[in-house]
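>>> Give me the fold of what follows.
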Amino acid sequence: MKQDEVRGRAFAMPLTSPSYPPGPYRFINREFLVIAYRTDREALEAVVPEPLAFADPIVKFEFIRMPDSTGFGDYTESGQVIPVTFKGQAGGYVHSMYLDDESPIAGGREIWGFPKKLAAPVMRVEKDTLLGTLDYGSVRIATGSMGYKHKALDLDAVRKTLLSANYILKIIPHVDCTPRICELVDYRIEDLTVKGAWTGPASLELFHHALAPVAALPVREVISATHILTDLTLGLGKVVHDYLAN
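You can find the predicted model right below:
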């Protein structure tokens with residue numbers, strides 16, 4: 001294989017059999033269970049990177065079902081998003097993500113810098129309850145529940161929330177394990193259709209694990225819960241801050 005061929009084919013690893021195809025990535029019937037909760041200010045100060053900032057010590061714990069995802073297939077994801085601001089613009093900082101499919105783990109980390117790790121999240125309806133669970137190996141580390149479709153929400157308001165900015169800390173190491181890329185990435189949801197949105201009573205429990213420290217942002221008070229059904233495209237994003245520039 002000539003060098004020009006390598007350059008022409010190289011967009012993901014492995015070179016001759018990439019773990020995922022090039023984007024864009026379209027998601028049909030992407031379903032969210034988002035439980036917002038209050039945590040300790042000191043815990044957030046320890047994990048939110050400058051130049052991001054936060055006002056209130058709030059975290060959103062998400063369970064997401066993706067049954068029809070271009071290039072990635074059928075998988076489930078869970079994790080924590082922290083409401084932040086960047087240069088005065090409100091958005092969400094993606095702090096942790098756990099999912100059950102190798103292709104979006106590789107693609108998410110390599111393209112955007114999503115903090116994805118392999119785990120076993122589940123989101124399902126159990127009679128009158130929307131239930132989300134997250135296991136890391138054989139250990140249960142999160143359980144969230146919400147009353148199923150108790151009250152419909154305004155779709156335009158939900159749509160506006162989903163279209164806000166999202167921020168990720170992308171890190172790619174050199175071969176000597178020093179950072180070769182260390183950037184803050186801004187990505188957005190595109191071509192969004194909100195098919196339904198509901199709220200209801202909710203609860204959330206987080207449990208400690210050495211390698212999946214979701215409970216390091218402890219639940220002090222559950223604030224709200226939202227169940228959303230959408231079609232959307234995941235935008236590829238842009239670099240808004242380079243930590244190695246200076």
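>>> residues contacting residue 200?
Listed by Cβ atoms under 8 Å, 6 or more residues apart in numbering, the contact partners of residue 200 are 130, 146, 147, 148, 149, 150, 151, 225, 227. In short, each C-beta sits where N, CA and C put it, glycine included.
>>> now with 6 Å?
Contact partners of residue 200, counting by Cβ atoms under 6 Å, 6 or more residues apart in numbering, are 146, 147, 150.
>>> Out of the residues you listed, which end up buried?
Buried members of the contacts of residue 200, counted by 16 or more other Cβ atoms under 10 Å: 146, 147.
>>> what would the contacts of residue 200 look like in JSON lines with pLDDT and distance to residue 66?
Formatted as JSON lines, the contacts of residue 200 follow (pLDDT from 0 to 100; distance: Cβ to Cβ, whole Å):
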{"residue": "146", "pLDDT": "98", "distance to residue 66": "19"}
{"residue": "147", "pLDDT": "98", "distance to residue 66": "23"}
{"residue": "150", "pLDDT": "98", "distance to residue 66": "24"}
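>>> Now render the contacts of residue 200 as a markdown table, adding distance to residue 13 and secondary structure.
Formatted as a markdown table, the contacts of residue 200 follow (distance: Cβ to Cβ, whole Å; DSSP: H, G, I helix; E, B strand; the rest coil):
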| residue | distance to residue 13 | secondary structure |
| --- | --- | --- |
| 146 | 38 | strand |
| 147 | 44 | strand |
| 150 | 45 | coil |
